[in-house]
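In: Using only what follows, build the 3D model:
(2 chains)
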Amino acid sequence: MLAFDFMQRALAAGLVVSVLCSVVSLFVLLKRMAFAGIGIGHAALGGVSLGLFTGMSPLLSALGVCVATALGIGAITRHGRMGEDAAIGILTTTLMALGVVLVGLAGTYQGELFSYLFGNILAVSPAQLMALGAVAVLVLGFFGLFFKELLFVAFDEEVAQVTGIPARVLYYGLLVAIAFTVVAAIQVVGVILASALLVIPAAVGQQLAANWRGILLISLGTGVLAVVLGLFLSTVWDLASGGTIVLVLGAFFFAAFVLSPHRRPSPPRTNP
Amino acid sequence: MSGEATQAAPAAAPAVAPMVHLDGVDLVLEGREVLSGITFALSPGRFLGLIGPNGAGKTSCLKVILGLFRPTRGTVRVLGVPPWELGRRAHQIGYVPQRYLPDRWAPFSVFDVVMMGRSCCIGLGRRPSREDRDAVSEILDRLGLGGLAERPIGGLSGGQLQRVMIARALCRKTHLLLLDEPTEGVDLPHQDQLYHLLKELQMERGLTLITVSHDVAMLSAYADELACINRTMHVHGHPREVLESHDLGRAYACEFDFFSHHRHGPRAGDHSGHPHHT
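Out: Just a heads-up that it's a prediction; the model follows:
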């Protein structure tokens, strides 16, 4: 199977994206940003459609729209007298509506749009693989540099800010990192399922581990294994690769949920 | 601003540069005036209790000192500079927010949470060193939390959690500690223990403390100074002076006689480090 160049590139792209998504997934979980991840992922539809409509690179326009959406979610949440959920709902639906309108305006590119909606990992070109690697280095570099500060911000943003951590900047940085990761994930599983890679790996870890270190390790293992297994199964059974990868992730989550040691009765909070 | 105790200098007039200095601070939030003309100075090593009725602006005042709110008018100086210009010196300030309840499943141990307090000292991209780990272990032991280091943060009681938050604020070279209602949700014996601990830490480390609380009696037993605000500064001075002041009743909009009510409780202004236990 790996004798083909396109399969090697698909596997390499899958591994890069799975590692990237698994790390981001930890912070999506800790900062309760799953809905933000889903929202930014769906907003990418507007960006892809805009790219196809104007002749720009759909992934570049998706990146621009996702970053703008991420920053918009942050700005509206902080300054708009509303919760993050409402900000995400407004921006996501508006940008998806833009995508729908643009698709309707010119109906000549539905086939290409379909590959962005559901992903086509087998079609990853060498240039796209290089771009994925660059995005991974950029985003993982951000997390490597600010890892402990991001943990503090995720746990208690206000106190982090007071002690000299640039909490607000890191919050926006996290949103932008999610936007970059979503665009990377689009190439593997598509716009519709990209957010699954941002949410499920750490959710599996959370079911099985009590500490963030364990969650991160399990998240990495889950993400990588799901991509490899999903790719293998989709090739053997001739299934849609993106959907198969997400189905495997979903199966991992439900298995972890059933086997979770946290579901056993735990002792109550201790007295002082 | 009114009140005879305020007009007189607070218990110890600052002979050295004040740790905290507010001068004519107004704060307007969403069109509502929250603070008006707040002025006070706090010398290093002093323990100030900030009291006032609900919605009086106590927490907002604390957030002005922390630099989380910028005053609409007036000046605020912490360690000699506006708090938002502290830069790396911000790590000299510790903050324990109003009762913080982490998620039950929050995947952090007590040790992890206290180590977060050293994030600002460790440096970008660097892992905690042995010195950082020793500092965390030391403060956990000092606060009687050594045995809980590996316990998940979500499984602690209210009193334990508050001590963890204090440990997180003190695990570095903290000079100023601000606490917002630290005894909320803590039962009475443990409230007394917590204030006793704060008093000991003040003495040991030369800490400057500002504590917001509704428990006037408990706070007056441990604080060196009390300041009562209700949008404006009503009275500021030695706890005994404040408790005897008629301005206290005005701030709370009642004629309640705090001093006689608490005469048989903890002794006002007793800051020997060994308060009278009832």
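In: Name all residues that make contact with the residue nearest to residue A:162 when sequence neighbours are not counted.
Out: In space, and not counting its chain neighbours, residue A:162 is closest to residue B:95: 4.6 Å by CB to CB, 6 or more residues apart in numbering or on different chains. From N, CA and C alone the C-beta is placed, and that goes for glycine too. The contact partners of residue B:95, by CB atoms under 8 Å, 6 or more residues apart in numbering or on different chains, come to A:158-159, A:162-163, B:66, B:169, B:177-180.
In: Next, residue B:95: secondary structure please.
Out: Here residue B:95 takes the strand state, with states given by DSSP: H, G, I helix; E, B strand; the rest coil.
In: What residues does the stretch 151-278 of chain B have near chain A?
Out: B:152, B:155-160, B:168-169, B:186-187, B:190 (CB under 8 Å from any CB of the partner chain).
In: Between those, which sits nearest chain A?
Out: Using CB to the nearest CB, residue B:159 is the member of those that sits closest to chain A, with 3.5 Å.
In: pLDDT value on the residue nearest to residue B:148 when sequence neighbours are not counted, please?
Out: Nearest residue to residue B:148, sequence neighbours excluded (CB to CB, 6+ apart): residue B:110, at 5.0 Å. What the model reports as pLDDT for residue B:110 is 96.
In: Now do residue B:119 against chain A, distance only.
Out: As judged by CB to the nearest CB, to the nearest Å, residue B:119 and chain A stand 5 Å apart.
In: From the rest of the structure, what touches stretch A:94-114?
Out: Residues outside stretch A:94-114 that contact it (CB under 8 Å, 6+ apart): A:42-43, A:45-50, A:52-53, A:58, A:65, A:69.
In: measure it end to end?
Out: End-to-end distance of stretch A:94-114: 20 Å, with CA to CA, to the nearest Å as the criterion.
In: low pLDDT regions in the chain?
Out: I'll assume chain A. Counting by pLDDT under 70, chain A shows low-confidence ranges at A:1, A:106-109, A:263-272.
In: not quite, I wanted chain B
Out: Ranges of chain B meeting pLDDT under 70: B:1-15, B:254-278.
In: Which helix runs longest in it?
Out: The longest helix of chain B (DSSP state H) is helix B:188-205.
In: still on that earlier bit, any of the residues of the stretch 151-278 of chain B next to chain A buried? List them.
Out: Buried residues within these, counting neighbours by 16 or more other CB atoms under 10 Å in any protein chain shown: B:152, B:155-160, B:168-169, B:186, B:190.
In: So which of these sit within helices?
Out: Reading helices off these with DSSP H, I get B:158-160, B:168-169, B:190.
In: Need these in a markdown table (columns: distance to residue A:85).
Out: Below are these laid out as a markdown table (distance: CB to CB, whole Å):
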| residue | distance to residue A:85 |
| --- | --- |
| B:158 | 29 |
| B:159 | 34 |
| B:160 | 32 |
| B:168 | 29 |
| B:169 | 31 |
| B:190 | 37 |
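In: which one is residue A:128 nearest to, not counting chain neighbours?
Out: In space, and not counting its chain neighbours, residue A:128 is closest to residue A:187: 6.2 Å by CB to CB, 6+ apart.
In: which helices and strands sit right next to the helix or strand harbouring the one you found?
Out: Residue A:187 is part of helix A:167-208 when elements are defined by DSSP states H and E. Applying 3 or more CB pairs under 8 Å, 6 or more residues apart in numbering or on different chains; DSSP states H and E, one finds that helix A:167-208 makes contact with helix A:5-30, helix A:34-54, helix A:58-79, helix A:110-118, helix A:126-155, helix A:157-162, helix A:212-237, helix A:241-259.
In: possible to save those as a markdown table with mean neighbour count and distance to residue B:253?
Out: Below are the helices and strands packed on helix A:167-208 laid out as a markdown table (neighbours: other CB atoms under 10 Å in any protein chain shown; distance: least, CB to CB, whole Å):
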| stretch | mean neighbour count | distance to residue B:253 |
| --- | --- | --- |
| helix A:5-30 | 23 | 44 |
| helix A:34-54 | 25 | 44 |
| helix A:58-79 | 20 | 34 |
| helix A:110-118 | 16 | 63 |
| helix A:126-155 | 18 | 39 |
| helix A:157-162 | 21 | 30 |
| helix A:212-237 | 20 | 48 |
| helix A:241-259 | 19 | 54 |
